[in-house]
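1. Let's see this in three dimensions:
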Amino acid sequence: MALFGSKKQDATPAFAHAPLQAAASSASQSGLGQFWSYTVGAASELALSVPTVSRATQMIISLVGSLPLRHYTTQWTGEEYEKIFLETESWMDTPDPTLTRNFIMSNTCMDLMMRGRAFWYVTSRSSATGRPLSFQWMPAEMIDTLDQPGPQFFGKSNAITFNGIQIPTNDVIQFLAPVQGFLWTGRRVIDTAIKLDRSAERFATNEIAAGYLQQTDSSEPLDAESLGELAAAWSNARRVNAVGALNSAVKYEQFDTDPSKLQLIEARNFSALELSRAIGVPAYLLGIGISGYNYSNATQAKQDLYLLGAKLYMDCMQETLSGPDLLPRNRYVEFDTHDLIADVEMNRTDINIEDPASMRTPQEMPS
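-> Residues are numbered from 1 along each chain as shown. Prediction:
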């Protein structure tokens with residue numbers, strides 16, 4: 001009679017949020033979620049202080065962060081696979097329920113660009129399927145992989161530490177970019193750009209040109225110690241923009257140099273061009289002039305930014321989020337680039353190319 005009993009069993013919804021318990025202790029010990037201890041690293045902050053790098057990263061992450069995700073499956077039609085779009089799951093709209101999708105997607109893309117990888121921590125799973133339901137972005141600067149020091153990564157790590165504490169690998173979503181991070185591939189050009197900026201800053205902050213102190217012919221020679229003290233006092237006065245005073249025994253001689261002779265302007269322009277090449281954004285999008293090259297309209301600029309700058313990171317993110325640890329078989333997620341591609345197709349100019357004269361009939365030849 002138990003078959004017809006009135007006692008009801010508790011049923012758990014398929015997508016109920018079940019907080020993770022197994023890794024709670026290690027996650028709390030590592031400082032996960034304690035934002036006061038988070039950092040993106042001094043190297044990233046230094047690189048982003050260069051205007052070209054800052055602008056290039058802003059353009060890419062603004063594109064990636066603004067695109068929604070869409071959910072689909074595929075069906076074989078006999079000739080090709082057809083996409084059948086499905087209702088999105090909750091994490092596809094808001095991966096982190098406490099933050100906007102733009103925030104987590106933008107920071108994930110930034111880590112991929114700068115360090116070649118990014119990480120999400122699984123904060124809840126479905127009690128029915130065990131698949132993740134929500135995530136939290138973890139700064140790549142705070143993560144070390146004991147089995148892969150980098151900068152080239154050959155696969156997912158099996159030994160991950162966050163803030164020095166090892167955390168379960170199964171609770172971490174690992175995004176691996178197809179290229180090394182910009183902080184490694186662009187290290188030399190970043191260093192050069194910063195040195196050029198500092199040189200320009202020195203010329204901008206000093207009221208008088210660089211030079212040296214020289215004794216006059218009629219003055220009594222000074223010993224090395226006195227000359228050193230005089231030069232140090234003069235240098236300190238220039239550094240703080242104070243007024244310096246010299247007697248008749250010493251005169252100030254300017255170096256015959258200026259920014260134009262040092263080619264600082266040309267060097268900074270070339271440095272900006274090298275930065276655009278290293279980070280993968282077309283130079284003209286960053287306002288860097290290149291002789292013999294122009295573009296037709298803003299639509300082409302958007303297409304170039306997508307194809308040449310953002311697409312490799314977007315492919316990495318959407319293919320990772322389509323993995324078997326997040327979605328069932330034959331279920332995928334992708335960025336919705338329909339409007340972006342539609343704008344390009346709508347504004348594409350059709351060019352009519354005439355047949356050569358040798359291919360025309362006499363009636364078609366111009367008189």
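2. quick one: low-confidence ranges for the stretch 101-250 of the chain?
-> Residues of the stretch 101-250 of the chain that meet the criterion pLDDT under 70 lie in 203-215, 217, 222, 238-249.
3. Contact partners for the residue nearest to the spatial centre of the chain?
-> The geometric centre of the chain, computed from its C-alpha atoms, lies nearest to M110 (CA atoms, centre = their mean), at 3.3 Å. Neighbour list for M110: V40, T57, I61 [criterion: CB atoms under 8 Å, 6 or more residues apart in numbering]. (Glycine included, C-beta is placed from N, CA and C.)
4. Could you do S44 as well?
-> S44 touches M114, E141, L183, counting by CB under 8 Å, 6+ apart.
5. From V64, how far off is the residue nearest to the centre of the chain?
-> 9 Å (CB to CB, to the nearest Å).
6. likewise L286?
-> 17 Å.
7. And these two? Which one has more around it.
-> Neighbour tally, L286 and V64, criterion other CB atoms under 10 Å: the higher count belongs to V64, 24 against 18.
8. tell me which element the more buried one falls in.
-> Using DSSP states H and E, V64 maps to helix 51-66.
9. list the helices and strands that helix packs on?
-> Contact here means 3 or more CB pairs under 8 Å, 6 or more residues apart in numbering; DSSP states H and E; on that basis helix 51-66 packs against helix 42-48, helix 101-115, helix 187-205, helix 264-279, helix 311-320.
10. Now it: buried residues?
-> Of the residues in helix 51-66, those scored as buried under the neighbour-count criterion (16 or more other CB atoms under 10 Å) are T52, V53, R55, A56, T57, M59, I60, I61, L63, V64, G65.
11. Relative to D197, which of the residues you listed is nearest.
-> D197 lies nearest to T52 out of the buried residues of helix 51-66, by CB to CB, at 10.3 Å.
12. which residues does that closest one contact?
-> Contacts of T52 (CB under 8 Å, 6+ apart): A193, S271, A272, L275, S276, L286, I288.
13. now those as TSV including distance to R329?
-> As requested, those are exported to TSV (distance: CB to CB, whole Å):
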residue	distance to R329
A193	47
S271	49
A272	47
L275	43
S276	41
L286	42
I288	46
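14. Which of the contacts of M110 scores worst on pLDDT?
-> When those are compared by pLDDT, V40 scores lowest at 89.
15. How is it assigned, secondary-structure-wise?
-> Secondary structure for V40, judged by DSSP: H, G, I helix; E, B strand; the rest coil, is coil.
16. Next: D147.
-> Reduced to three states with three-state DSSP, the structure at D147 is coil.
17. what's the burial count for it?
-> Other residues near D147 number 11, with proximity taken as other CB under 10 Å.
18. wait, it sits on F154?
-> No - counting by CB atoms under 8 Å, D147 sits too far from F154 to count as a contact (9.8 Å).
19. can you tell me which helix or strand the closest residue to Y81 other than its chain neighbours belongs to?
-> When the adjacent residues along the chain are set aside, Y81 lies closest to T74, with 4.4 Å between them (CB to CB, 6 or more residues apart in numbering). In this structure, T74 is located in strand 69-76 according to DSSP H and E.
20. now do V122
-> strand 117-126.
21. pull the CA atoms of that strand into PDB?
-> Below are the C-alpha coordinates for strand 117-126, written out as PDB (Å, rounded to 0.1, in the frame of the first residue of the first chain):
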ATOM      1  CA  ARG A 117      44.300  33.500 -19.200                       C
ATOM      2  CA  ALA A 118      41.300  34.200 -17.000                       C
ATOM      3  CA  PHE A 119      39.500  32.500 -14.200                       C
ATOM      4  CA  TRP A 120      36.000  32.200 -12.800                       C
ATOM      5  CA  TYR A 121      35.100  30.500  -9.500                       C
ATOM      6  CA  VAL A 122      31.900  28.500  -9.300                       C
ATOM      7  CA  THR A 123      29.800  29.900  -6.400                       C
ATOM      8  CA  SER A 124      26.700  27.600  -6.900                       C
ATOM      9  CA  ARG A 125      25.600  24.500  -8.700                       C
ATOM     10  CA  SER A 126      22.400  22.800  -9.700                       C
END
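22. partners of the helix or strand just after that strand in the sheet?
-> Per DSSP H and E, the first helix or strand lying C-terminal to strand 117-126 is strand 132-138. Paired strands of strand 132-138, with direction, are strand 117-126 (antiparallel) (DSSP bridges).
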